[in-house]
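Engineer: pasted the sequence and its predicted model underneath.
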Amino acid sequence: MESSKLVRRRPFIVGMCMSAMAASRGVLASDVYPNRAVRVVMPFPPGANVDVVARIFSDKLAKDLGQPFVIDNRPGAGGSVGWDATMQRPADGYTLFYSVRSIMGITPHVYPKTRLDPVKDFTAVSQILTQPHVLIATPNAPFSNMSELVEYARKNPGKLDYASLGVGSHPHVAVEYWARQLDIQINHIPYTGNPAVDVMAGTVSLFLEGAGTAVPRVQSGGVKAIAVTGGRRIDPLPSVATVNDYKPGLDEDGVIGSTWHGFFARRGTPDQIVTALNKQLVKIAQDPDIVKRLAEFGAVGTGTSSEALNVSMAKDYEFFGNVVRGLKIAA
């Protein structure tokens, strides 16, 4: 009798198990990353060089992964506004931080009261590219290269202005560093948006702009290219010398003036999500169409491991801490 009850109950038990397995598969399927839109916090205004490049990668991520990767512009305070906005969101991979060398290396030292610490706050996903900056000048500037610029500045101390993206931004720190090294006096004009339009109009004389947006301005004749950063000249502007060509050691391998871009997630984001994103970003950075597009404005796709970018971030944090303290820059 007892055995017959077990026989009759077996289909019920098997059915329950199959239902549980099906439910489990459904949960796993719903947990596949990403299954909804991903926010990409952008600590620069729309149209800035970094914003333009970020959209190239975010659009490709959306196409490849089948979910929107939506740029959320949060400019201000050297990137700390975007940093804070990211830290307010869960560490679940659905909010990423698109950042650059200056924000991870410079901003925490310029805004010490915010207690920003890239090593403690973030996990790197991947460095996707390296890129030079271009020192651009208004078209009517009485100089066309670094030698003429330095000569003019020395003859006219305090009469030349340079724009930046704000106190402690990469353009501010780099140009101020070079001015000190070259013993010239030029005035810093911080902007909250991109000052390139004012450079074109002659309102301000100089601006160190990312190559992504600077190259088209130079090629159209809207501005002059005075110099490029980094260890070599770039193909889109082959006749423009590097800052280091003018004075060796001034920007060796772009240590002061060049940048990298990368995707970051809040520390605590599941490793499998970071790994999945890294795999996709490495693939995108090596895609021939993306490589060609980046080369048009002097950038080089990299697509590093998460570990490699974590190491670079920590080194830049230490290096630029010494630079900022030496220049006594504070917000």
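Structural biologist: It's in. Residues are numbered from 1 along each chain as shown.

Engineer: tell me how far the nearest residue to G303 once chain neighbours are set aside lies from E296.
Structural biologist: Nearest residue to G303, sequence neighbours excluded (CB to CB, 6 or more residues apart in numbering): A285, at 3.1 Å. (Each C-beta comes from the backbone N, C-alpha and C, glycine too.) A285 sits at a distance of 15 Å from E296 (criterion: CB to CB, to the nearest Å).

Engineer: show me which of the two is the more surrounded one.
Structural biologist: Shown here are A285 and E296; by other CB atoms under 10 Å, A285 has more neighbours (21 against 14).

Engineer: pretty sure the more buried one contacts S126?
Structural biologist: Yes. When contacts are counted by CB atoms under 8 Å, A285 is listed as touching S126 (7.4 Å).

Engineer: what do these two both touch?
Structural biologist: Residues within reach of A285 and of S126 at once, by CB atoms under 8 Å, 6 or more residues apart in numbering, are G303.

Engineer: in stretch 43-63, what's buried?
Structural biologist: Buried residues in stretch 43-63, counted by 16 or more other CB atoms under 10 Å: 43-45, 48-58, 60-62.

Engineer: what ranges does the stretch 101-250 of the chain have for its strands?
Structural biologist: Here the stretch 101-250 of the chain has its strands, by DSSP state E, counting those that start in this stretch, at 122-131, 133-137, 161-164, 187-190, 206-210, 224-228.

Engineer: want to throw those into CSV with mean pLDDT, mean neighbour count and distance to E252?
Structural biologist: Putting those into CSV (pLDDT from 0 to 100; neighbours: other CB atoms under 10 Å; distance: least, CB to CB, whole Å) gives the following:
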stretch, mean pLDDT, mean neighbour count, distance to E252
strand 122-131, 97, 25, 15
strand 133-137, 98, 28, 15
strand 161-164, 96, 23, 22
strand 187-190, 96, 15, 24
strand 206-210, 96, 28, 17
strand 224-228, 98, 25, 14
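
Engineer: out of those strands, which gets nearest to M87?
Structural biologist: Among these, the nearest to M87 by CB to CB is strand 122-131 (9.0 Å).

Engineer: and R232, what does it touch?
Structural biologist: T242.

Engineer: rerun that using 10 Å as the cut-off
Structural biologist: R232 is in contact with 132, 242, 244-245, 253-254, 298, counting by CB atoms under 10 Å, 6 or more residues apart in numbering.

Engineer: could you dump these to JSON lines with pLDDT and distance to T107?
Structural biologist: Listed next are the contacts of R232 as JSON lines, based on pLDDT from 0 to 100; distance: CB to CB, whole Å:
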{"residue": "P132", "pLDDT": "96", "distance to T107": "20"}
{"residue": "T242", "pLDDT": "97", "distance to T107": "26"}
{"residue": "N244", "pLDDT": "94", "distance to T107": "25"}
{"residue": "D245", "pLDDT": "95", "distance to T107": "29"}
{"residue": "D253", "pLDDT": "92", "distance to T107": "22"}
{"residue": "G254", "pLDDT": "94", "distance to T107": "19"}
{"residue": "G298", "pLDDT": "89", "distance to T107": "24"}
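
Engineer: want to try JSON lines for the residues you listed, with distance to V197 and neighbour count as columns?
Structural biologist: Converted to JSON lines, the contacts of R232 look like this (distance: CB to CB, whole Å; neighbours: other CB atoms under 10 Å):
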{"residue": "P132", "distance to V197": "21", "neighbour count": "29"}
{"residue": "T242", "distance to V197": "26", "neighbour count": "21"}
{"residue": "N244", "distance to V197": "29", "neighbour count": "23"}
{"residue": "D245", "distance to V197": "28", "neighbour count": "17"}
{"residue": "D253", "distance to V197": "31", "neighbour count": "12"}
{"residue": "G254", "distance to V197": "26", "neighbour count": "23"}
{"residue": "G298", "distance to V197": "21", "neighbour count": "26"}
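
Engineer: just those residues: which are in helices?
Structural biologist: 244-245 (DSSP state H).

Engineer: from the contacts of R232, pick the one nearest Y317.
Structural biologist: Distances from Y317 to the contacts of R232, taken as CB to CB, are shortest for G254 (17.2 Å).

Engineer: that closest one contacts P132, correct?
Structural biologist: Yes. Judged on CB atoms under 10 Å, G254 makes contact with P132 at a distance of 6.1 Å.

Engineer: which residues do the two both contact?
Structural biologist: 228-232, 242-243.

Engineer: sort those by pLDDT and name the bottom one.
Structural biologist: For the shared contacts of G254 and P132, the weakest pLDDT value sits at G231, with 87.

Engineer: for the helix or strand containing A314, packing partners?
Structural biologist: Using DSSP states H and E, A314 sits within helix 306-327. Judged by 3 or more CB pairs under 10 Å, 6 or more residues apart in numbering; DSSP states H and E, helix 306-327 is in contact with helix 101-105, helix 107-110, helix 118-121, strand 122-131, helix 170-182, strand 259-266, helix 271-285.
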